[in-house]
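**Q** curious how this folds, go ahead:
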Amino acid sequence: MKKISTLLSLALVFSLLFSCKKDSETTPSKSGKTAKFTITANGVNATDDYVSFVIVGGDTKGTKTIWKVNGVTRNNEAAISLGKDDFTGSTKTYVIETILPVDVISASAQCINFNTSYQISYKAEIDGKVVTNDDGVTVDVNKDYTHQFDY
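**A** Coordinates of the predicted model:
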């Protein structure tokens, strides 16, 4: 639970840092980087498993609309959070992309299993290059998947 609290606190602080700045247009900055994350979780049990992916991004202008998820722009969201309920329905894969270049990107993942194992895949592409590709990772009672990435 301490890991969960730490990851969520970090995401919240990061989000608050950027939400305190002045609203701006969603015009791209001259510098920055683009990102695309592909996250899949198969076999997640709604009662026995814990799944959390949080992706936060920002630019120096404090832009609030940064992401699209599965092709749909998420207005006024500098952070995207996916939990176990997002993976227990028919959708098992989410593609999260920047809609404009950003200066900072942080991604947190924590997947814990308390009963029957499940599989996750996490792929991060920054400026079109794969920088993290954890494909088909099995999460079971002996092996969790907990990471904090900064891109």
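
**Q** quick one: the helices in this protein?
**A** Counting by DSSP state H, the segments of the chain that form helices are 2-19, 84-87.

**Q** mean pLDDT for those: which is lowest?
**A** Note on the helices of the chain: lowest mean pLDDT is at helix 2-19, with a mean of 45.

**Q** any idea how far the nearest residue to residue 86 once chain neighbours are set aside is from residue 151?
**A** Distances taken as CB to CB, 6 or more residues apart in numbering put residue 94 closest to residue 86, at 7.0 Å, once the chain neighbours are dropped. No exception for glycine: its C-beta is placed from N, CA and C like everyone else's. Between residue 94 and residue 151 the computed distance is 17 Å (CB to CB, to the nearest Å).

**Q** do the same with residue 124
**A** From residue 124 over to residue 151 (counting by CB to CB), the distance is 7 Å.

**Q** and if you look at residue 46?
**A** Distance of residue 46 to residue 151, given as CB to CB: 30 Å.

**Q** is it true that residue 34 touches residue 103?
**A** No: counting by CB atoms under 8 Å, residue 34 does not reach residue 103; the two are 11.6 Å apart.

**Q** identify the contacts common to those two.
**A** Contact criterion CB atoms under 8 Å, 6 or more residues apart in numbering; residues shared by residue 34 and residue 103: none found.

**Q** low-confidence stretches in the protein?
**A** For the chain, the stretches with pLDDT under 70 are 1-30.

**Q** give me that answer again for 80
**A** Scanning the chain for pLDDT under 80 picks out 1-31.
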